[in-house]
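Peer 1: generate coordinates for the sequence data below:
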Amino acid sequence: MTNQSIQPIIHNSRKRRQRTVFVTLVLFALALTLSATMLMLGNTIYPVADVIRVLFGEQVPGASFAVGTIRLPRMLAGIFAGLAFGIAGTVFQTMLRNPLANPNVIGITTGSSAAAVFGIVVLQASDTFVSIISIIGGLLTVLAIYFLSKGAAFSIGRLVLVGIGIQAMLTAVINYLLLISRQNDVGTAMRWLSGSLNGVKMETLPPLMIAVALCLPVILRLSRQLQILELGEMTATSLGVKTNQTRVLLIVASVLMLALATATTGPIAFVAFLAGPIAKRLVGDGRSTIIPAALVGVILVLAADLIGQFAFTARYPVGVITGMVGAPYLIYLLIRMNRRGEL
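Peer 2: Next up is the predicted model:
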C-alpha cells in the first residue's frame, strides 16, 4: 500500500480513538456528578463541603450518619453493580453477536434470583447466606446453559434459545416459591427481586468490589480477542484466537461479577441489556466498548435510583425505573430485528 492510501486509514483510526476518549471522559464526568448528587440529596440536603469532610473522616453532626452510613454504601453499591451489569452485558452481547444475548434474557440473573428466593422462602436464610446461594445459583445456571447448548460446534442461536427456555423455567420456579411462601417472606423476596439499593450496608460490599477489581483487568486484557470473536468463529480461529479458552475466561469473569452484583442489589432490570448498545452508539464501530459500557451501567443505575427516590410522590426501587426504560427498548429491538429477518 502506498503512503497516500494508508493516510486516510490512520486518520480515521485517530478520529475513532479521539471519539472514544472524549465519550469516556464525558461518561466519567456524568457518573461522578451523579455519585456526588447521591451523597448530597436526601431528606436533608448537605453541601459539598460537609460531604467532603465526612468522606475524610470528620464528624459532622447529622451528616456523618446520613452520608457515611446510609448514602455512601448506597452510592458505592450503585457504582459497582452498574459496572458489573454494564461490563457483563456488553461482553455477552459482543461475544455472542446478538443484542438479545445478555444475562437478563438468557436466564443467568434469573438463576441467581431463583436461588435467592429459595433461600428466603424455604430456608429462612440470613442475608449473607442468601447472597452466597445467589452466586451459586448464577454459576450453576451458566453451566446448565453451556452443557445443554453444547453440540458438535458452538452455536449462538442454540445457546440463546436454551437460555430463554431456562429463564422461563426458573421464572416459573420463582412464582411457585412466592405462591407457597409466608406472607412476611413475600415482601422480602419481592423487594429483592425488584432490584434495589435500599438498605445496602458497607460490610456487604467488599465481595462485589473485589470481584470487579479482579475481573475487569481480565476482561480488558481479552478485549481485543472479544472484538475478533464478534467476527465469527472461523474468522477468529484463522486469526489465531483460542476461541474456547477465551470464551470460558470471559464467561467466568463476567458471571462472577454479575452473580455478586445480583447478590448485593438484586437483579436490576435491563442495565446489562441497555449499557452495551448505548455505549456502542456513542463510541461507534471499531473500538472496544468495555469501559464506556461500564460507565453507562453506572449512570443508568445511579440516575434510575435518584429518579425513583425523588421524581415521584412514592419511592420506587431502582429496578422498577430501569424496567420502565428497558422494556420499550426491548420491544423496539424485537420489531427492528424481525423487520431485518434476524428473528
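
Peer 1: low-confidence stretches in this protein?
Peer 2: Applying pLDDT under 70 to the chain picks out residues 1-13, 151-157, 286, 337-338, 340-343.

Peer 1: spatially central residue for it, please.
Peer 2: residue 85 (0.8 Å; CA atoms, centre = their mean).

Peer 1: I'd like the distance between that one and residue 51.
Peer 2: From residue 85 across to residue 51, the span is 26 Å (CB to CB, to the nearest Å). Every residue, glycine included, has its C-beta placed from N, CA and C.

Peer 1: name the element the residue nearest to the centre of the chain belongs to?
Peer 2: helix 72-95 (DSSP states H and E).

Peer 1: show me where the stretch 51-200 of the chain has helices.
Peer 2: Secondary structure of the stretch 51-200 of the chain (DSSP state H, counting those that start in this stretch): helices at 63-65, 72-95, 108-121, 127-149, 156-180, 183-194.

Peer 1: which one of those lies nearest to residue 41?
Peer 2: helix 72-95 (10.6 Å; CB to CB).

Peer 1: check which helices and strands that closest one sits against.
Peer 2: Here helix 72-95 touches helix 3-40, helix 206-221, helix 223-229, helix 243-265, helix 271-283, helix 290-310, going by 3 or more CB pairs under 8 Å, 6 or more residues apart in numbering; DSSP states H and E.

Peer 1: could the ones you listed go into a markdown table alongside mean neighbour count?
Peer 2: Converted to a markdown table, the helices and strands packed on helix 72-95 look like this (neighbours: other CB atoms under 10 Å):
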| stretch | mean neighbour count |
| --- | --- |
| helix 3-40 | 14 |
| helix 206-221 | 16 |
| helix 223-229 | 19 |
| helix 243-265 | 22 |
| helix 271-283 | 24 |
| helix 290-310 | 25 |
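
Peer 1: closest one to residue 326 among those helices?
Peer 2: In terms of CB to CB, the element of those nearest to residue 326 is helix 271-283, at 5.6 Å.

Peer 1: give me the distance from that closest one to the chain's centre.
Peer 2: Chain-centre distance of helix 271-283: 11 Å, with CA atoms, centre = their mean, to the nearest Å.

Peer 1: using CSV, write out every CA atom in it.
Peer 2: Only the C-alpha atoms of helix 271-283 are listed here, as CSV (Å, rounded to 0.1, in the frame of the first residue of the first chain):
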residue,chain,number,x,y,z
VAL,A,271,-29.0,-2.5,32.8
ALA,A,272,-26.9,-5.3,31.3
PHE,A,273,-29.3,-5.1,28.3
LEU,A,274,-29.0,-1.4,27.7
ALA,A,275,-25.4,-0.5,28.6
GLY,A,276,-23.7,-2.1,25.6
PRO,A,277,-25.9,-0.8,22.8
ILE,A,278,-25.9,2.7,24.3
ALA,A,279,-22.1,2.7,24.6
LYS,A,280,-21.7,1.3,21.1
ARG,A,281,-23.9,4.0,19.6
LEU,A,282,-21.9,6.7,21.4
VAL,A,283,-18.4,5.3,20.6
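
Peer 1: could you give the angle of it to helix 243-265?
Peer 2: Counting by axes from the mean of the first three to the mean of the last three CA atoms, to 10 degrees, helix 271-283 lies at 120 degrees to helix 243-265.

Peer 1: run the angle between helix 271-283 and helix 290-310 for me.
Peer 2: Using the same axes, to 10 degrees: helix 271-283 against helix 290-310 is 120 degrees.

Peer 1: wait, residue 225 touches residue 247, no?
Peer 2: No: applying CB atoms under 8 Å as the test, residue 225 and residue 247 come out as separate, 9.2 Å apart.
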